[in-house]
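Trainee: Can you look at this prediction? I've put the sequence above it.
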Amino acid sequence: MAHEEFHHGHRVGWLRASVLGANDGLVSTASLVLGVASAQASHGSILIAGLAGLVAGAMAMAAGEYVSVSSQADTEQADLAKESHALTTDHAGEHLELAQIYVERGLSVDLAHEVARQLMAHDALGAHARDELGISEVLRARPLQAALASAASFVVGAVLPMLIVVLSPPGALIPVVTGGSLVFLAVLGAVAARAGGAPMARGAARVLIWGALAMAMTAGVGALIGTPV
């Protein structure tokens, strides 16, 4: 029977964008709501502020992810083009370069040259991309995927505190939003850690700490400088 192992590396791209988006959506929207509520704003004003933050945040996350990951993709493409040119103009030198990488990883010189020869015969650019440049199909930059994942996850995260605002009585809005958002954050951190194969308690703790700090600081600002609306 073949030995099979399950790894989580293939999830790195979308998992990072999704966790970042959901965490930002939840924390920023909950913090915004608490800041406005602490300034004694009306329930309608709190809802408008929350919805505006949701839309602005989702678009900002999508744009930011697309721009940053596109820059990474541009760099990868430039490196691959340079490597392709080198393979065309100096194939022997590229073979020696790849073999030396394998020698440094522990292979004997003869075996390293044989491995380099066979890999380059199969897919020279792919071998150099993976072992020289650190670019693999699993981890390659995908701007549109990252943008969509970030925007969608931001909306999912932001909707949670907004639902609490809609359903909670105005007089209890601050404690209910705070408590509910912290619960959601703990669940998000635990689920994200589980999906990535990391300890769930640690994942929950780190998002709780930073989320609570953000909400406390924003609520403090609202209470200190806010005026009734």
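Mentor: Everything's here; your move.
Trainee: residue at max distance from the center of this structure?
Mentor: For the chain, the largest distance from the centre (CA atoms, centre = their mean) belongs to residue 110, which lies 41.8 Å off.
Trainee: in this structure, which ranges drop under the pLDDT threshold?
Mentor: Residue ranges of the chain with pLDDT under 70: 1-17, 136-141, 196, 227-229.
Trainee: all helices for it, in order.
Mentor: Assigned by DSSP state H, the chain shows helices spanning 12-38, 43-89, 91-104, 109-131, 143-167, 173-195, 200-225.
Trainee: Between helix 91-104 and the fourth one, find me the angle.
Mentor: This points to helix 109-131. 100 degrees (axes from the mean of the first three to the mean of the last three CA atoms, to 10 degrees).
Trainee: Please could you give me each C-alpha atom of helix 109-131, formatted as PDB?
Mentor: Once non-C-alpha atoms are left out, helix 109-131 reads as follows in PDB (Å, rounded to 0.1, in the frame of the first residue of the first chain):
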ATOM      1  CA  VAL A 109      28.600  15.700  -7.100                       C
ATOM      2  CA  ASP A 110      27.900  12.900  -9.600                       C
ATOM      3  CA  LEU A 111      24.400  12.300  -8.400                       C
ATOM      4  CA  ALA A 112      23.700  16.100  -8.300                       C
ATOM      5  CA  HIS A 113      24.800  16.400 -12.000                       C
ATOM      6  CA  GLU A 114      22.600  13.400 -12.900                       C
ATOM      7  CA  VAL A 115      19.600  14.800 -11.100                       C
ATOM      8  CA  ALA A 116      20.100  18.200 -12.800                       C
ATOM      9  CA  ARG A 117      20.500  16.500 -16.200                       C
ATOM     10  CA  GLN A 118      17.300  14.500 -15.900                       C
ATOM     11  CA  LEU A 119      15.200  17.400 -14.400                       C
ATOM     12  CA  MET A 120      16.400  19.800 -17.100                       C
ATOM     13  CA  ALA A 121      15.600  17.300 -19.800                       C
ATOM     14  CA  HIS A 122      12.100  17.000 -18.400                       C
ATOM     15  CA  ASP A 123      11.400  20.700 -17.700                       C
ATOM     16  CA  ALA A 124      14.400  22.900 -17.500                       C
ATOM     17  CA  LEU A 125      12.600  26.100 -16.700                       C
ATOM     18  CA  GLY A 126      10.400  24.400 -14.100                       C
ATOM     19  CA  ALA A 127      13.400  22.900 -12.300                       C
ATOM     20  CA  HIS A 128      15.200  26.200 -12.100                       C
ATOM     21  CA  ALA A 129      12.000  28.100 -11.100                       C
ATOM     22  CA  ARG A 130      11.400  25.700  -8.300                       C
ATOM     23  CA  ASP A 131      15.000  25.000  -7.000                       C
END
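Trainee: Going by neighbour count, list what's buried in it.
Mentor: For helix 109-131, the neighbour count (16 or more other CB atoms under 10 Å) marks 112-113, 115-116, 119-120, 124-125, 127-129, 131 as buried. C-beta coordinates here come from the backbone N, C-alpha and C atoms, glycine included.
Trainee: between those residues, which is closest to residue 69?
Mentor: residue 129 (17.6 Å; CB to CB).
Trainee: wait, isn't that closest one in contact with residue 119?
Mentor: No - Residue 129 is not in contact with residue 119 according to CB atoms under 8 Å; the separation is 11.2 Å.
Trainee: Excluding residues flanking it in the chain, which one is nearest residue 62?
Mentor: Spatial nearest neighbour of residue 62, chain neighbours left out: residue 151 (3.8 Å); criterion: CB to CB, 6 or more residues apart in numbering.
Trainee: before we move on, back to that, need the winner for burial among the helices of the chain.
Mentor: helix 12-38 (a mean of 23; mean count of other CB atoms under 10 Å).
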